[in-house]
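>>> Using only what follows, build the 3D model:
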Amino acid sequence: MSAATGAVTDALRELHARFADVDEGELADYIPQLALADPGAFGLALISMDGHCYSTGDAGVPFTVQSVSKPFVYALALSLLGLDEVSRWVNAEPSGEAFNAISLEHGTGRPDNAMVNAGAIVTTALIPDTPVAPRFGRILDCLSRFAGRRLDVDEEVYASEAATGDRNRALAYLIRSTGPLPVDPVAAVETYFRQCAVRVTALDLAAMAATLANGGVNPLTGDTVVSEPVAAQVLAVMATCGMYDSSGDWLLRVGLPAKSGVSGGLIAAGPARFGLATYSPLLDPTGTSVRGHRAIGMLSERLGLHLMYNPALAGSTVTLVTTADDLPAAPTGERERVRRGRVAVAAAQGALDFTAAERVLYALDEAASGRTGAVVLDLVRVTDIDTVARAMLRSGLARIADDGRRTAVADPDGRLCGPGDESGGPRRFGSREEAVTWCTETVAGPAAAAPRPNTP
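Numbers count the residues shown, from 1 in each chain. Take a look at the predicted model:
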C-alpha cells in the first residue's frame, strides 16, 4: 500500500474497526424496504480536492440516497432560479425540529429550510418540468454529475416509499393550502419519492460532498456541476440545518457541513479540503447513522477537521516532484546521473495540516513510483507541521522504508524529526542536496555502509 493511501486509509480502517461492532440504533422500518437492509453494513469513504479516493468496509455497497439528496437538489434549484427566487418559496433558517415536522413560517407558509422534508418537497417542485427536460430527468442528471457517474433508481424502494408516504403527502397538501407550492401536491411528492430512491454508494456520496467542497467542481471528472457561489450557499445551509434538530450540536462538536439520510448514508464536507461519507443503516432517534455519526466525529477530532480551524491553502503545499538527476545541482557524469535518477525528491512549503500532509504523501507516492531506490522529502520551506500532519508524514515515510527504499528528510529546523529523536525515523539533513547525496551514496549498498549524519 502506498504512503498516502496507507496513512489516510489506516485512519478510516481504525474507525471502521472501532465502531463496526456497535449495535445501537434501529433500521428505518416506516419505509418497509429499508427495514431489509443489513444492520451490520458499514463503509467509509473520503475524496480529496485532488481526486484522491480512500475507502474501507462497505463503501461500495449500494443503498438509496434518501434525504442526502436534499442539498444537491437545492443546489440545482439555486443554479436554475437563483437564491432570491428560491428563497421566495423556501426559507433558510434552522427549524430545531425533526426532519418530518410541520416547519412552516407563520403568515407565509414557507418551509423553514430545504433540508427538512417540507422544504425539500417544495425545492423539488421548483425544478422546471418540460417535455424536453422533465423534472426528474433534471434531478437524476444533477445527482449523477455530482457523483461522477450515471446513477439509477431502486424501483422497489420507490414503490415502498410511495405506498407508505402519507405524511409527506399531508405535508405537501398543507403547504399548498397556505400558498407556497408551485405544482400539484401529488406530482411534487411522487417526484420527491423517486428522488429519494436514487441508488448510490458511500464512494458516490463522498464524491458528491467533495464536489460541494471543491466549489462545485467534481474532483474526479473536472465537471463544473454548479457555480462556486451556489456550492457555498448549499454548504451554509447544510452547516446550519443539515442535521435537523441536532444541527447545532453537530456543528459545535464535529464542525463540518453535513447531511444525513434514513437509509444510513451520511456526508460531511470540508470546504477546499475533502468530501467524506459513511454508510451504516442503524439510526439514532434523529434519523442519523449511529456508526457514521461516531466515526465522522472522531475523525474530525483526531485530524483537526473542524470548520473553524484554518486549513492549508489549496495548491500551495507541494512545490516539487522529481528525481535527483533533474535537480539543478545534478552532475554531468552518466554513471552518477543514473544513480541520482533512482532518488525521488518531493518538496513542500508552508504550514502542514491533515489536508496538506495528504497532498505531500500523494506527491511522495508519485515521486517514488517506478524504479527509484530512495526518497527525499524536502521540508526546508515548511513553516509549521501540526501533530496530525507529523504523524501522517512519519507513517508514510515508514511505509516507504518498509518497502525497501531509503528515506531521508531535509529538515534543518527539526519540524518532523526533532533533535535527539531516537525513534528510528527517516535520516535528517540540513539541506536537500545533503539528503540527496547520502541517498545517492547508499542506494546501491547496504544501509549500514554510510554513517548516520549529525543533525543540526
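
>>> what's the neighbour count on the closest residue to Gly57 other than its chain neighbours?
Closest residue to Gly57 apart from its sequence neighbours, by CB to CB, 6 or more residues apart in numbering: Gly43 at 4.2 Å. All C-beta atoms are positioned from the backbone trio N, CA, C, and that covers glycine. By other CB atoms under 10 Å, 27 other residues sit near Gly43.

>>> swap in Val153?
18.

>>> wait, what's in contact with it?
Leu140, Arg194, Ala197, Val198, Arg199 (CB atoms under 8 Å, 6 or more residues apart in numbering).

>>> Longest strand in this structure, please.
strand 374-385 (DSSP state E).

>>> Give me the residue at the spatial middle of this protein.
Against the mean C-alpha coordinate of the chain, by CA atoms, centre = their mean, the closest residue is Gly275 at 1.6 Å.

>>> I figured that one hits Ala206, correct?
Yes - Gly275 sits in contact with Ala206 when judged by CB atoms under 8 Å, with a separation of 4.8 Å.

>>> which neighbours do these two share?
Residues within reach of Gly275 and of Ala206 at once, by CB under 8 Å, 6+ apart, are Leu46, Ile47, Ile267.

>>> The last one falls within a helix, correct?
This points to Ile267. No - per DSSP: H, G, I helix; E, B strand; the rest coil, Ile267 lies outside any helix segment and is strand.

>>> Show me what the residue nearest to Gly57 bridges to in the sheet.
Note on Gly43: beta-bridge partners Gly57, Tyr279, judged by DSSP bridges.

>>> Let me see the domain layout of this structure.
3-303, 318-449 (automatic domain parsing).

>>> going on from the helix or strand bottoming out on mean pLDDT in the chain, what's the next piece of helix or strand?
Ranked by mean pLDDT, DSSP states H and E, the weakest helix or strand in the chain is helix 334-340, scoring a mean of 64. Toward the C-terminus, helix 334-340 is succeeded by strand 343-352 as the next helix or strand (DSSP states H and E).

>>> for this structure, what spans make up the strands?
So, for the chain - with DSSP E - the strands run 43-48, 53-57, 63-64, 152-153, 198-200, 258-260, 265-270, 274-279, 318-323, 343-352, 374-385, 406-410, 427-429.

>>> so can I have a markdown table of the ones you listed showing mean pLDDT and distance to Met392?
Formatted as a markdown table, those follow (pLDDT from 0 to 100; distance: least, CB to CB, whole Å):
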| stretch | mean pLDDT | distance to Met392 |
| --- | --- | --- |
| strand 43-48 | 96 | 13 |
| strand 53-57 | 95 | 12 |
| strand 63-64 | 98 | 30 |
| strand 152-153 | 98 | 37 |
| strand 198-200 | 98 | 29 |
| strand 258-260 | 97 | 23 |
| strand 265-270 | 97 | 15 |
| strand 274-279 | 97 | 14 |
| strand 318-323 | 76 | 14 |
| strand 343-352 | 89 | 9 |
| strand 374-385 | 91 | 10 |
| strand 406-410 | 91 | 14 |
| strand 427-429 | 91 | 17 |
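
>>> rewinding a little: I'd like a version of the contacts of Val153 in CSV, one that adds neighbour count and distance to Ala357 as further columns.
As requested, these are exported to CSV (neighbours: other CB atoms under 10 Å; distance: CB to CB, whole Å):
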residue, neighbour count, distance to Ala357
Leu140, 18, 37
Arg194, 21, 42
Ala197, 25, 39
Val198, 25, 35
Arg199, 16, 34
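
>>> what's across from the closest residue to Val382 other than its chain neighbours in the sheet?
Excluding the flanking residues, the one nearest Val382 by CB to CB, 6+ apart is Ala348, at 5.5 Å. As for beta bridges, Ala348 partners with Val318 under DSSP bridges.

>>> what about Ala348, neighbour count?
Count around Ala348 with other CB under 10 Å applied: 26.

>>> roughly how far apart are it and Asp413?
To Asp413, Ala348 is 13 Å away according to CB to CB, to the nearest Å.

>>> With Pro219 instead?
33 Å.

>>> Look at those two and report which has more neighbours.
Just comparing Pro219 and Asp413: by other CB under 10 Å the higher neighbour count belongs to Pro219, 21 against 15.

>>> And that one, how far from Ser160?
Pro219 is 34 Å from Ser160, by CB to CB.

>>> swap in Lys70?
Distance, Lys70 to Ser160, by CB to CB: 19 Å.

>>> neighbour count winner among the two?
Under the criterion of other CB under 10 Å, the comparison of Lys70 against Ser160 puts Lys70 first, with 32 against 21.

>>> Would you agree the more buried one is in contact with Asn113?
No - shown here, Lys70 and Asn113 do not form a contact pair, counting by CB under 8 Å, at 9.3 Å.

>>> so what sits against both of those two?
Gly119.

>>> residue contacts, Gly119?
Taking CB under 8 Å, 6+ apart, one finds Lys70, Val90, Asn91, Ser103, Pro111, Asp112, Asn113 in contact with Gly119.

>>> burial count for the closest residue to it other than its chain neighbours?
Closest residue to Gly119 apart from its sequence neighbours, by CB to CB, 6+ apart: Pro111 at 3.5 Å. By the criterion of other CB under 10 Å, Pro111 has 29 neighbours.

>>> ok, now which ones touch the nearest residue to Arg294 once chain neighbours are set aside?
Distance criterion CB to CB, 6+ apart; nearest residue to Arg294, sequence neighbours excluded, is Phe19 at 5.3 Å. With contact taken as CB under 8 Å, 6+ apart, Phe19 is in contact with Phe42, Arg291, Arg294, Ala295.

>>> Val90 too?
Here Val90 is in contact with Tyr74, Arg110, Pro111, Asn113, Ala114, Gly119, Val122, Thr123, Leu126, Pro180 (CB under 8 Å, 6+ apart).
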